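Peer 1: Here's my sequence, what's the structure:
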Amino acid sequence: MNMAELVTYSKENGIAHIIIDNPPLNVMGSAVQQQIKKVFEQVQQDEEVVCAILTTAGNKAFMAGADIKEFPQLMDNPNMKEEVMEIHGMLHTVDQLPKPTIVVLDGLTLGGGCELALAFDIRIAEAHAFIGLPEVKLGLFPGGGGTQRLSRVVGAAKAKEMMYTGEPIAASDAEKIGLVNHVTPQGEGLNLAMKLAGQIANQSLQSLFRIKQAVDEGLEKNLQDGIDLEATLFTDVFQTEDVREGVDAFINKSKPVFKHK
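Peer 2: So this is what the prediction gives:
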């Protein structure tokens, strides 16, 4: 892999495995941001992919944050908000991927690394991981969606505490507050991610992306409007080939073979 290729993906059995390799701590510089967006756009278009997993190289840091060395040029940039919105554009591409996503946190997950992790559907942390938003210690605050996504995941009070103090929390504590779905021993995160992804990839993408849409969009609506959205998507899924396959297989006591159509 040449040095310019910091984000790559391979695929097998409907699962895309995306890897960020930016040693030593996989910091999110502008090149990494651009490549994450490009790879996720490719995964979205790839009809063979049903579920995506993200890991990073090494096991010391999932991602230790943004590249602080790029911050001074931001201070002097009169168009700073445009650059910030480019970061949000990348995170939006990850967040809005119409396929289930899993991320494995195998070490320090700080700042921009935490904000990237928050854009995934399912988070798996290895036991040695620490997760936090330390921006306040630089006189900053999270600017990659942290104030918005973290509070939606763990609630406003816990999110404020984490951001006010800047102190990272251990994987076990992250699991208690719902920030991560599972904690595994060191080195076991990808195995669990692949197991979960395998279960997910056996389902119909027609069902999966509607579940994601119903949950994500429904959270921003009142209950009645959320129910209306669910009913619309439920009506839509009944028009797919896969629902016929699934119902017929159930009636005939056979295993469905979904074509994601």
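
Peer 1: Show me the shaky parts of the chain.
Peer 2: 1-3 (pLDDT under 70).

Peer 1: where's residue 224 relative to residue 231, distance?
Peer 2: 11 Å (CB to CB, to the nearest Å). Placement of C-beta: from N, CA and C, glycine included.

Peer 1: more neighbours, the two?
Peer 2: Using other CB atoms under 10 Å, the more surrounded residue of residue 224 and residue 231 is residue 231, with 11 against 8.

Peer 1: Which neighbouring elements make contact with the host helix or strand of the more buried one?
Peer 2: If you go by DSSP states H and E, residue 231 is part of helix 223-237. Judged by 3 or more CB pairs under 8 Å, 6 or more residues apart in numbering; DSSP states H and E, helix 223-237 is in contact with helix 205-218.

Peer 1: What lies in contact with the helix it packs on?
Peer 2: Contacts to helix 205-218, defined as CB atoms under 8 Å, 6 or more residues apart in numbering, come from residues 50-51, 95, 98-100, 121, 200, 226, 229-230, 233-234, 236-237, 240, 242-243, 258, 260-261.

Peer 1: Kindly recompute the last result at 7 Å.
Peer 2: 50, 98-100, 121, 200, 226, 229-230, 233, 236-237, 240, 242, 260 (CB atoms under 7 Å, 6 or more residues apart in numbering).

Peer 1: sorry, back to before: pull out the buried positions in the helix holding residue 231.
Peer 2: If you call a residue buried by 16 or more other CB atoms under 10 Å, then helix 223-237 has these buried ones: 226, 229-230, 233, 237.

Peer 1: In CSV, list those along with distance to residue 157.
Peer 2: CSV is the format used below for those (distance: CB to CB, whole Å):
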residue, distance to residue 157
226, 24
229, 28
230, 29
233, 32
237, 37
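
Peer 1: Out of the residues you listed, flag the one nearest to residue 130.
Peer 2: residue 226 (34.7 Å; CB to CB).

Peer 1: Pull the contacting residues for that closest one.
Peer 2: Counted by CB under 7 Å, 6+ apart, residue 226 has contacts residue 218.

Peer 1: now it: how far from residue 6?
Peer 2: 39 Å.

Peer 1: Same check on residue 34?
Peer 2: On the measure of CB to CB, residue 34 and residue 6 end up 9 Å apart.

Peer 1: These two: which is more packed in?
Peer 2: Comparing residue 34 with residue 6 by neighbour count (other CB under 10 Å), the higher total belongs to residue 6, at 23 against 14.

Peer 1: Buried residues in stretch 123-137, which are they?
Peer 2: 123-126, 128-135.

Peer 1: which stretches of the chain form helices?
Peer 2: 30-45, 71-75, 80-95, 112-117, 146-154, 156-165, 171-176, 189-201, 205-218, 223-237, 241-251 (DSSP state H).

Peer 1: and among these, the most buried is which?
Peer 2: Highest mean neighbour count among the helices of the chain (mean count of other CB atoms under 10 Å): helix 112-117, with a mean of 29.

Peer 1: helices or strands next to that one in the packing?
Peer 2: strand 61-63, helix 146-154 (3 or more CB pairs under 7 Å, 6 or more residues apart in numbering; DSSP states H and E).
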